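K.L.:
Sequence plus predicted model, see below.
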Amino acid sequence: GTATAALGESRAADPEQRRDASTSPETRRASPRAGAPPTRCTRPARRPAFDKAGGQRVVQIDIHDEIDMGLAPYVERIVEEVNASTDVAFILIHMNTPGGRVDSAEIIKDALLRSKVPTVTVIETAAFSAGALIAYATDLILVTPGASMGAATPILIGEDGEIHEASEKMVSALRSMFRATAEAKGRDATIAEAMVDKDVDVPGLKPTGKLVTLTRDELLRWCVADMPAENLDGALKALGAPAGTAVEHIEPNWAERLARFFTGSGIAGILMSVGMLGLMIELYTPGFGAGGVLAIVCFALYFGGHLFVHLVGVEELLLFFGGLVLVAIELMVPGHIVPGILGVLAILTALILAMVGQSVSLEWDAGGVSQALFRTAVSLAGAAGLFAFLVRYLPKSRLVGRLVLQGTVPGSAHELRPELRNLALGALGDALTPILGSGKAEFAGVTHDVVSDGTFIARGARVRVVDVRPGRVVVTPLLETEVTSHG
């Protein structure tokens, strides 16, 4: 009796046994024990139900190629529409993916777990990495010949293209996500964890130190998949769909297509570079012109696309526009360098955070923050280089007159009167606004939009015209000795 009691205490102290104690007998029989797969799979699962009268349809979602952030809002929309309808028997996910972004897969996983309509994944060839997480979130998994699933450990791809292992923190977070998703659908959580963490041991399936990637037969034998199917038509038949059941393939709408396009790393980098270039041009040239329009369009597309795919929230938008306000304050009321520095930092931070999908702490460990910093630095360097080229060579071309929108405001430098066009070199005037890049100055009672020669000019300072071109008047501040000599 004493020996039996001691053995009972030992088993109760074992976490695996404690977990088994809270698991139903049916689920325990479906879990591998003693190094052998279960004799039969009895996992309770929600299955599609078809009315005898027919008329129900199946909604198909294709998850092919790499899983990116643009896929998440598309799947969310379809799940919401299906749950609001009454004639859909189930959602069918046709999967063949090498994986992709975990944050996108997490959003899709949450949408599928919330679905009131049964969900089914048909693995055509592969459901690796993030694809495995999505498959685990569906009620049923069907596998076709040649299908495989697993290999879900997070990896880091450096800017040099080399693959590195993720930190333990990232692995632990993803392992927990896989475990919770498998448990939510009554599947063996240990196998799900072993797909993420090579240190998880599954007796009889794989030794410690190896990731789990299961073939079609192994998926069925170990009760990860529910039934085989030769193809999509065979899957419909296996699920009990009546002959002639309509399968509706909903395509992404125009907004989802655009968001997916503009959030691609290459396009996003171009938008950032061109937007920063437009901002530099706008600050350098007088008036509101093409540079400002270019910056507005590029940043609207950049943040709009990232907002649509859940990479940007209100906080990032407020940070960006707050940075613009601080920079404007520094330009209009110079002398306080802090607003300018804070403004630039706020803008750069907003651009970087827009690339970070998960929490900053996880992305820091996963290398996402460093990659975002690198892409931002490259974009800024490209914008600065092109801007320097334009400043050096563009004033000599006819295009310079088109950089600034020509207005007809009385008294402005863009009013095409002879006395404004023929402003003489060496003319003296007074700065009406602080001039750092661009500002306003008065010459002989007439207000001109001007740009500085690279020197900051305080409001009220005496200035001299050093260059006059169409749409561009360059001034320099007078030295104290020159101010005295000119009275």
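P.N.:
Okay, I see it. Numbering: from 1, shown residues only.
K.L.:
where's G385 relative to S438, distance?
P.N.:
Distance, G385 to S438, by Cβ to Cβ, to the nearest Å: 21 Å. Backbone N, C-alpha and C define where each C-beta goes, glycine included.
K.L.:
Check D430 too.
P.N.:
Distance from D430 to S438, by Cβ to Cβ: 16 Å.
K.L.:
Over to L423?
P.N.:
With Cβ to Cβ as the criterion, L423 and S438 are 16 Å apart.
K.L.:
Equivalent analysis for L351, please.
P.N.:
Taking Cβ to Cβ as the measure, L351 falls 24 Å from S438.
K.L.:
more crowded one of the two?
P.N.:
L351 (27 against 19; other Cβ atoms under 10 Å).
K.L.:
and the more buried one, that's in a strand?
P.N.:
No. Counting by DSSP: H, G, I helix; E, B strand; the rest coil, L351 is not part of a strand but helix.
K.L.:
OK, contacts around it?
P.N.:
M272, Y302, F320, T376 (Cβ atoms under 8 Å, 6 or more residues apart in numbering).
K.L.:
Those into a markdown table, with extra columns for neighbour count?
P.N.:
Shown next, in a markdown table, are the contacts of L351 (neighbours: other Cβ atoms under 10 Å):
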| residue | neighbour count |
| --- | --- |
| M272 | 24 |
| Y302 | 24 |
| F320 | 22 |
| T376 | 20 |
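K.L.:
residues of the longest helix belonging to the chain that come out buried?
P.N.:
For the chain, the longest helix by residue count, based on DSSP state H, is helix 368-393. Of all the residues in helix 368-393, those buried under the rule 16 or more other Cβ atoms under 10 Å are 368-369, 371-372, 375-376, 379-380, 382-383, 386-387, 390.
K.L.:
So the nearest residue to I352 once chain neighbours are set aside versus L351, what's the distance?
P.N.:
Spatial nearest neighbour of I352, excluding adjacent residues (Cβ to Cβ, 6 or more residues apart in numbering): A372 at 4.6 Å. Separation of A372 from L351 (Cβ to Cβ): 8 Å.
K.L.:
Just give the strands next to the longest strand seen in the chain in its sheet, each with its orientation.
P.N.:
Longest strand of the chain, by residue count under DSSP state E: strand 88-100. For strand 88-100, the paired strands and their directions (DSSP bridges) read strand 57-67 (parallel), strand 119-128 (parallel).
K.L.:
Please convert those strands to JSON lines, extending it with distance to Y136, mean neighbour count and mean pLDDT.
P.N.:
Below are the strands paired with strand 88-100 laid out as JSON lines (distance: least, Cβ to Cβ, whole Å; neighbours: other Cβ atoms under 10 Å; pLDDT from 0 to 100):
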{"stretch": "strand 57-67", "distance to Y136": "13", "mean neighbour count": "19", "mean pLDDT": "90"}
{"stretch": "strand 119-128", "distance to Y136": "9", "mean neighbour count": "25", "mean pLDDT": "94"}
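K.L.:
I'd like those strands as JSON lines, with distance to T245 appended.
P.N.:
Supplementary listing: these in JSON lines, determined by distance: least, Cβ to Cβ, whole Å:
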{"stretch": "strand 57-67", "distance to T245": "6"}
{"stretch": "strand 119-128", "distance to T245": "13"}
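K.L.:
And these: which comes nearest I78?
P.N.:
strand 57-67 (5.9 Å; Cβ to Cβ).
K.L.:
residues contacting L317?
P.N.:
Counting by Cβ under 8 Å, 6+ apart, the residues that L317 touches are F303, L307, A350.
K.L.:
same question but for H249, I mixed them up
P.N.:
Q60, D62.
K.L.:
Spatially, what comes nearest to V247 if we skip its sequence neighbours?
P.N.:
Here the residue nearest V247, using Cβ to Cβ, 6+ apart, is V58, at 4.8 Å.
K.L.:
Show me what that neighbour is bridged to.
P.N.:
On the basis of DSSP bridges, V58 takes part in beta bridges with F90, V247.
K.L.:
So it sits against D87, correct?
P.N.:
No. Using Cβ atoms under 8 Å, V58 makes no contact with D87, being 10.3 Å away.
K.L.:
who's in contact with stretch 259-273?
P.N.:
68-71, 73-74, 252, 298-299, 301-302, 304-306, 308-309, 311, 351, 355, 375-376, 378-380, 382-383, 386.
K.L.:
Can you classify G234 by secondary structure?
P.N.:
helix.
K.L.:
and what of G186?
P.N.:
Taking three-state DSSP, the label given to G186 is coil.
K.L.:
That one: neighbour count?
P.N.:
Neighbour number of G186 under other Cβ under 10 Å is 19.
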